[in-house]
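> Predicted model, plus sequence, below.
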Amino acid sequence: MTARATFRVVYRRLYAANGRQHWWPGDSRFEIMVGAVLTQNTAWTNVERAIANLKRAGALTPEAIVKAPHRRLAAWLKPSGYFNVKAKRLKEMCRWLIGRGGVRGLARLSIHDLRAALIAVHGIGPETADDIVLYAFERPVFVIDAYTRRIFARLGLIRGDEGYETLRHLFERALGADAPLFNEYHALIVRHGKDTCRKRPLCGDCCLAGICPTAKE
DNA sequence: TACCAGGAGAAAA
DNA sequence: TTTTCTCATGGT
């Protein structure tokens, strides 16, 4: 089976087992950007609480976040963990966003320029940038996260220690530039990683079992 | 109690 | 250049 076919079989299995995921949870492009920073190494349920605090305080705007004192912003972010770090990162992102003309200004950039500009912001690494590019701006970049590495390494399709860009290019070459597919695929990987793979890695009733002969049980 | 979660950057080796 | 450490709350 070709790489392209194998990656598509994995997608179909995940979709059949879990259905559509309706990602990213968020009411606006800006909320998605905030969520992408807050979810760094953090469970989404904790992020939801922090975003709810921002909404309750009327602070879910770039201007309000820039204006808020660090201690107050950190207090709103507390449920999401790393609140001091994330307060700084959100302020950095918001200052930069305002300087670029807000989300409308970003929407005018090419996918390459948008991605490069995001990664240049302190506190936004490749995965967070790609979450934003794909889910807030609906551009075709494949998001590589810890679940992607774990699941595809178990399937024997990657080693798991490849560089971020190496894996991103691998997925993008195999699947073709398709933002709706990338959206659903990454969401399904996270769903599978959270709900199934961690508890029962590739056991007999895993929906991905039997795809690759080199898969590690 | 220990481990993990939709990472990133700084410091150390 | 590569590896290790730090940041921190909440659920299992």
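Received it, and whenever you're ready, just let me know what you need.
> would you list every one of the helices in chain A?
A:3-18, A:29-38, A:44-56, A:62-67, A:70-77, A:83-99, A:102-107, A:111-119, A:126-131, A:146-154, A:164-175, A:179-192 (DSSP state H).
> Pipe those helices into JSON lines and attach mean neighbour count per row.
For every residue, glycine as well, the C-beta is placed using N, CA and C. Putting those into JSON lines (neighbours: other CB atoms under 10 Å) gives the following:
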{"stretch": "helix A:3-18", "mean neighbour count": "15"}
{"stretch": "helix A:29-38", "mean neighbour count": "23"}
{"stretch": "helix A:44-56", "mean neighbour count": "16"}
{"stretch": "helix A:62-67", "mean neighbour count": "16"}
{"stretch": "helix A:70-77", "mean neighbour count": "18"}
{"stretch": "helix A:83-99", "mean neighbour count": "19"}
{"stretch": "helix A:102-107", "mean neighbour count": "15"}
{"stretch": "helix A:111-119", "mean neighbour count": "16"}
{"stretch": "helix A:126-131", "mean neighbour count": "21"}
{"stretch": "helix A:146-154", "mean neighbour count": "19"}
{"stretch": "helix A:164-175", "mean neighbour count": "16"}
{"stretch": "helix A:179-192", "mean neighbour count": "20"}
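> Save the ones you listed as a markdown table, and put in mean pLDDT and distance to DNA strand B too.
As requested, the helices of chain A are exported to a markdown table (pLDDT from 0 to 100; distance: least, CB to the nearest atom of the strand, whole Å):
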| stretch | mean pLDDT | distance to DNA strand B |
| --- | --- | --- |
| helix A:3-18 | 93 | 13 |
| helix A:29-38 | 98 | 6 |
| helix A:44-56 | 98 | 4 |
| helix A:62-67 | 98 | 17 |
| helix A:70-77 | 98 | 13 |
| helix A:83-99 | 98 | 6 |
| helix A:102-107 | 97 | 17 |
| helix A:111-119 | 98 | 7 |
| helix A:126-131 | 98 | 3 |
| helix A:146-154 | 93 | 4 |
| helix A:164-175 | 96 | 7 |
| helix A:179-192 | 97 | 5 |
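> Same list (those) but as JSON lines, adding distance to A:Ile211.
Shown next, in JSON lines, are those (distance: least, CB to CB, whole Å):
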{"stretch": "helix A:3-18", "distance to A:Ile211": "6"}
{"stretch": "helix A:29-38", "distance to A:Ile211": "30"}
{"stretch": "helix A:44-56", "distance to A:Ile211": "27"}
{"stretch": "helix A:62-67", "distance to A:Ile211": "43"}
{"stretch": "helix A:70-77", "distance to A:Ile211": "40"}
{"stretch": "helix A:83-99", "distance to A:Ile211": "37"}
{"stretch": "helix A:102-107", "distance to A:Ile211": "38"}
{"stretch": "helix A:111-119", "distance to A:Ile211": "30"}
{"stretch": "helix A:126-131", "distance to A:Ile211": "25"}
{"stretch": "helix A:146-154", "distance to A:Ile211": "10"}
{"stretch": "helix A:164-175", "distance to A:Ile211": "14"}
{"stretch": "helix A:179-192", "distance to A:Ile211": "13"}
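> right, and those helices - which one's nearest A:Ala209?
helix A:3-18 (9.1 Å; CB to CB).
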